[in-house]
Structure formats: C-alpha cells, structure tokens
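Asks: sequence and predicted model, in that order:
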Amino acid sequence: NVMKVFDLIGLNPADIKIHLATHNGREDPIDVYFRGDFKTWQEDQNNNNFTRTYVLSLIRHSSNNLWLFAGVYRVTGAEKRAGGGYTYATKLTEHGSDLIGRMIVSYTLTSRATYRLAEKIADEMLLHEIKAKPLYFDDFSNYKAVLLNRSQLCTLFNQTPQSWKTALSAVSGVYLISDSLTGKLYVGSAYGENGIWQRWEEYFNTFHGGNKLLKALHRKSGEQAFSGFTYSILETMNSDSSPEEVIAVEGRWKDHLLTREYGYND
C-alpha cells in the first residue's frame with residue numbers, strides 16, 4: 001500500500017506551493033539545512049515563487065529522486081527588492097513538524113521546474129521512508145567526497161552520526177586542513193585506534209589539535225582564525241598500517257603541497 005505524502009500533512013494541496021530545493025550554483029541546500037540556515041536561504045528568491053498561503057519544502061537528498069522534508073512554511077509577507085528578486089517572510093508551521101528531517105519523499109523531477117503547484121504533483125509524491133531520528137547530517141558516502149567546514153565539523157561531533165563515526169574510525173590516513181581565509185594548508189596524519197575520527201575530534205575540541213603552528217595561530221588570533229578551515233581526506237590506509245608507513249605517506253603529501261614552505265606544517 002503506497003502512502004502519499006499529503007496523507008500525512010493534513011493540508012489542502014490547492015493552498016500549497018512545493019519548493020523542490022536543489023543546488024543553486026553556489027551551494028547545496030542540504031548543507032544549508034544541516035547548518036541550520038535553510039529558512040533564511042529559502043526566503044531569498046530570484047522570482048515571485050511563493051504565491052500561495054503555504055510552502056512545502058523538500059530538499060534533494062542523496063539521489064535524484066529522494067527528497068528530505070524540511071517543513072511547511074506559512075508565507076506572511078513578500079518584499080520586492082530594488083536590485084531584483086524577492087525577500088519573503090515565512091513562519092514554520094506545525095503541519096508535519098514531527099516529520100521534519102525524518103521523512104524522505106520519493107519524487108522524480110521530470111522538468112527543470114523546482115517550484116510546483118502542489119495539486120499538480122501531489123499524487124506522485126510518495127513516502128519513501130520515515131527515519132527514527134531527524135537527520136542532522138547526510139549519511140556517509142565515500143572518503144574522497146569528505147569536505148567539511150568548521151561548522152559542519154562541529155555538527156558532526158555534536159551529533160555523532162553512526163555511519164560517519166564508523167567510517168572515519170575504520171581507517172588510518174592522511175588528511176588536509178585548508179584555511180580559506182589565508183589559503184594556507186596543513187597536512188596531517190591519523191593512525192592507531194579510531195583513526196581519522198579520533199584525530200578530527202581533537203580539532204573539534206581544541207581547534208589546533210596540538211599542532212605547533214596551529215597552536216601559535218590559536219594563541220595569537222583565537223577561535224575566529226579557524227572559522228574558514230575545511231577538513232578533507234587525501235589518502236586512506238588500512239587501520240593496521242604502522243605509524244611509520246602512515247608518516248611516510250604524510251611526508252610525501254607535504255612535499256607535493258609545499259605545506260612546510262608555505263603552509264601550517266612546521
């Protein structure tokens with residue numbers, strides 16, 4: 001028995017505009033959502049898109065036909081901006097509020113239109129899954145795709161999603177910290193128990209992770225200096241690799257990226 005999304009929301013589709021939020025060329029709305037800024041992001045529109053009482057927000061999640069339910073918003077005002085575009089005032093409603101971040105909707109986008117009249121597509125919007133707990137973080141996909149900014153790193157360790165903890169604890173390896181404020185890079189390595197997870201947890205707790213030049217940066221400029229940091233993985237290695245093996249690979253990456261000469265490696 002296939003369940004339709006509107007069976008769960010309890011509103012008349014004729015009162016609703018559906019916003020199928022996808023990458024806008026600058027950022028992915030799923031990242032914005034996990035950062036906690038989705039409402040403001042959605043209120044900024046290039047066109048007069050929200051011409052109904054309610055907006056039902058779905059954010060593209062993991063694959064092309066799966067969407068994360070981000071709530072039903074009541075439109076309380078719209079202001080045309082001098083430079084073009086609209087700024088909306090919206091209020092998150094109680095409709096389906098217990099399903100926010102938990103309901104995954106199956107809907108195949110057949111055109112480029114991402115703002116749809118609800119009654120046109122209500123029958124095609126099917127319930128795919130209701131998660132036990134709201135998603136605060138996308139499920140781990142692969143090591144090469146990992147790129148976390150500082151606020152995402154904090155969310156990761158505040159929420160400790162199991163798929164991420166399992167994946168990052170399972171490997172040793174070499175990682176990269178990039179400072180978008182200065183362009184400087186830092187290459188580090190993680191080995192031993194809980195691998196990269198344990199190492200990155202130190203950055204979450206201390207900012208500098210005990211690294212000499214990062215400690216100096218922290219003393220001089222404080223936490224603000226770390227606001228532009230991003231964390232990614234250069235190379236993974238088996239968790240039973242010896243420290244010597246991992247450090248040798250780390251040294252090779254420092255040579256490649258000139259992080260001793262120009263970065264934060266001492």
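Replies: Cool, the structure landed.

Asks: could you use CA atoms for every contact and neighbour count after this?
Replies: Noted.

Asks: can you show me the helices along the protein?
Replies: Secondary structure of the chain by DSSP state H: the helices cover 6-9, 29-35, 38-43, 118-121, 150-159, 162-169, 195-206, 212-221, 243-257, 259-262.

Asks: turn those into TSV, columns for mean neighbour count.
Replies: Shown next, in TSV, are the helices of the chain (neighbours: other C-alpha atoms under 10 Å):
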stretch	mean neighbour count
helix 6-9	14
helix 29-35	19
helix 38-43	16
helix 118-121	15
helix 150-159	16
helix 162-169	16
helix 195-206	18
helix 212-221	14
helix 243-257	15
helix 259-262	14
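
Asks: nearest to Lys144, of the ones you listed?
Replies: Proximity to Lys144, assessed across the helices of the chain by C-alpha to C-alpha, is greatest for helix 162-169 (11.9 Å).

Asks: ok, which of the helices of the chain comes nearest Ala78?
Replies: helix 38-43 (8.9 Å).

Asks: give me the distance from that closest one to the chain's centre.
Replies: 15 Å (C-alpha atoms, centre = their mean, to the nearest Å).

Asks: so for it, mean pLDDT?
Replies: Here helix 38-43 scores 96 as its mean pLDDT.

Asks: which stretches of this protein have low pLDDT?
Replies: Filtered on pLDDT under 70, the chain yields the residue ranges 1, 62-63.

Asks: at the geometric centre of this structure, which residue sits there?
Replies: Asp31 (2.9 Å; C-alpha atoms, centre = their mean).

Asks: got a list of what it touches?
Replies: Not one residue lies near Asp31 by C-alpha atoms under 8 Å, 6 or more residues apart in numbering.

Asks: ok so, going back, tell me which of the helices of the chain lies nearest to Leu127.
Replies: Of all the helices of the chain, helix 6-9 sits nearest to Leu127, with 9.2 Å by C-alpha to C-alpha.

Asks: who touches the closest one?
Replies: By C-alpha under 8 Å, 6+ apart, helix 6-9 touches 13, 95-96, 122.

Asks: so which of these belong to strands?
Replies: Taking DSSP state E, every one of the contacts of helix 6-9 sits outside strands.

Asks: and which of those is nearest Lys220?
Replies: Gly96 (47.7 Å).

Asks: please report how far that closest one lies from Gly10.
Replies: Using C-alpha to C-alpha, to the nearest Å, we find Gly96 at a distance of 8 Å from Gly10.

Asks: and these two? Which one has more around it.
Replies: Between Gly96 and Gly10, Gly96 has the larger neighbour count (other C-alpha atoms under 10 Å), namely 19 against 10.

Asks: contact partners for the closest residue to Tyr191 other than its chain neighbours?
Replies: Sequence neighbours aside, Ser172 is the residue nearest to Tyr191 in space, at 4.6 Å (criterion: C-alpha to C-alpha, 6 or more residues apart in numbering). Going by C-alpha under 8 Å, 6+ apart, Ser172 touches 189-192, 195-196, 236-241, 246.

Asks: what is Ser172 paired to in the beta sheet?
Replies: Met237 (DSSP bridges).

Asks: touching, Ile30 and His61? I think so.
Replies: Yes - with contact defined as C-alpha atoms under 8 Å, Ile30 reaches His61; the gap is 6.9 Å.

Asks: could you tell me which residues touch both of the two?
Replies: Joint contacts of Ile30 and His61 (C-alpha under 8 Å, 6+ apart) do not exist.

Asks: in a markdown table: the helices of the chain, plus distance to Pro134.
Replies: Formatted as a markdown table, these follow (distance: least, C-alpha to C-alpha, whole Å):
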| stretch | distance to Pro134 |
| --- | --- |
| helix 6-9 | 17 |
| helix 29-35 | 11 |
| helix 38-43 | 15 |
| helix 118-121 | 24 |
| helix 150-159 | 11 |
| helix 162-169 | 13 |
| helix 195-206 | 22 |
| helix 212-221 | 34 |
| helix 243-257 | 37 |
| helix 259-262 | 39 |
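
Asks: quick one, which of those gets closest to His128.
Replies: helix 6-9 (12.7 Å).

Asks: before we move on, the earlier item: looking at the contacts of helix 6-9, which is nearest Gln152?
Replies: Checking the contacts of helix 6-9 one by one against Gln152 (C-alpha to C-alpha), the nearest turns out to be Gly96, at 26.1 Å.
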